[in-house]
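J.: kindly generate the corresponding structure for this input.
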Amino acid sequence: MKKSVTFSPEVRERAVRMVFESRLDHPSLWAAVESIAAKIGCTAQTLHNWVRQHERGTGQQDNPTSNEQQRIKALEREVKELRKANEILRLASAYFAQAELDRRWKS
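T.: Numbers count the residues shown, from 1 in each chain. Predicted coordinates:
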């Protein structure tokens, strides 16, 4: 049975920095990740996840950060509620306008 190893934030940060520094020495990002992962004793996929997380956190990647994702969801929810409210107000306005027109003819 394998035991999972927990790496300190300093080791993670250093490993990610090493990947970025050695990126130009390798044909691809994955090759750099594999090279550094072997040196620090973690799997290449784990280090790749750290690199992606660092890119998202610093805005280097197009994907929004988790805080931005939460904010986007909240804003989308608010837009949906406002659209519903606008539709209700539009229908109520049309109803009362029609009622006003009917009342004028009966006078």
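J.: use CA for all of it now, contacts and neighbours both
T.: Will do.
J.: distance from the chain centre to stretch 11-26, please.
T.: The chain centre lies 23 Å from the centre of stretch 11-26; the measure is Cα atoms, centre = their mean, to the nearest Å.
J.: okay, buried residues for that stretch please.
T.: Residues of stretch 11-26 classed as buried by neighbour count (16 or more other Cα atoms under 10 Å): 12, 15-16, 18-19, 22-23.
J.: contacts for that stretch?
T.: With contact meaning Cα atoms under 8 Å, 6 or more residues apart in numbering, stretch 11-26 is reached by 29, 32-33, 36-37, 40, 47, 50-51, 54.
J.: and whatever helix or strand residue 36 lives in, what does it pack against?
T.: Using DSSP states H and E, residue 36 falls within helix 29-40. When contacts are defined as 3 or more Cα pairs under 8 Å, 6 or more residues apart in numbering; DSSP states H and E, helix 29-40 packs onto helix 9-22, helix 44-58.
J.: okay, the angle between that helix and helix 44-58?
T.: 110 degrees (axes from the mean of the first three to the mean of the last three Cα atoms, to 10 degrees).
J.: quick one, what contacts the closest residue to residue 37 other than its chain neighbours?
T.: Of all residues not flanking residue 37 in the chain, residue 44 sits nearest, at 5.2 Å (Cα to Cα, 6 or more residues apart in numbering). Listed by Cα under 8 Å, 6+ apart, the contact set of residue 44 reads 30, 33-34, 37-38.
J.: closest to residue 7 among these?
T.: Nearest to residue 7 among these: residue 37, at 12.1 Å, using Cα to Cα.
J.: look up how far residue 17 lies from the closest one.
T.: Distance, residue 37 to residue 17, by Cα to Cα, to the nearest Å: 12 Å.
J.: and what of residue 36?
T.: 10 Å.
J.: also residue 25?
T.: Separation of residue 25 from residue 17 (Cα to Cα) stands at 14 Å.
J.: show me the domain layout of this structure.
T.: With domains defined by automatic domain parsing, the chain comprises 1-63, 66-107.
J.: winner for burial among those domains?
T.: Of the domains of the chain, the one with the most neighbours on average (mean count of other Cα atoms under 10 Å) is domain 1-63, at a mean of 14.
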